[in-house]
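**Q** missing the sequence, but the structure's below:
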């Protein structure tokens, strides 16, 4: 095997290896695959309060582990997914949800990206319209340049030949 192929194989192994490591410990898993699937889905919707931008399903923090266990306990007790989310939200607030509900106190969160994109598109449209409407005018000729042009045109009119390009 060439050194390059060996390097690529080692790189792929190094990159793909951590993907198989799950934050959920084996002792947290439920025996019922349906309940475990629901628990994993719910865990992916809840934010780790320590890591903040990770779900509790992905986090290794102790608080995330406690929340994963709590979710599983509530599901085993017979709570629906909505009841589990309501229970956790009642304890930690809407901040614990990775997708917070659309309500007056989260309007800025949900609609700010749209407003910013619209303002940017409007700005680009105004800029494009200004540039398109403004003709490009050449710099005005100095009196010396104007005299040269008139002399060349007069020469061309008397000789009938096209004037040679002036040196630049």
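**A** Structure's in. What do you need? Quick caveat, the model's predicted, so the values are computed rather than measured.
**Q** tell me where the chain has helices.
**A** 3-20, 33-45, 62-76, 81-92, 107-133, 143-159 (DSSP state H).
**Q** so of these, which one's packed in deepest?
**A** A comparison of these by mean neighbour count, using mean count of other CB atoms under 10 Å, puts helix 62-76 on top with a mean of 18. (Each C-beta comes from the backbone N, C-alpha and C, glycine too.)
**Q** nearest to residue 55 among the helices of the chain would be which one?
**A** helix 33-45 (4.8 Å; CB to CB).
**Q** now that closest one and helix 62-76, what's the angle there?
**A** Angle, helix 33-45 to helix 62-76, by axes from the mean of the first three to the mean of the last three CA atoms, to 10 degrees: 140 degrees.
**Q** next, the angle helix 81-92 makes with helix 33-45.
**A** Using the same axes, to 10 degrees: helix 33-45 against helix 81-92 is 40 degrees.
**Q** which residues are in contact with helix 33-45?
**A** Applying CB atoms under 8 Å, 6 or more residues apart in numbering, the external contacts of helix 33-45 come out as 24, 29-30, 55-58, 67-68, 71-72, 75-76, 81, 84-85, 97-99.
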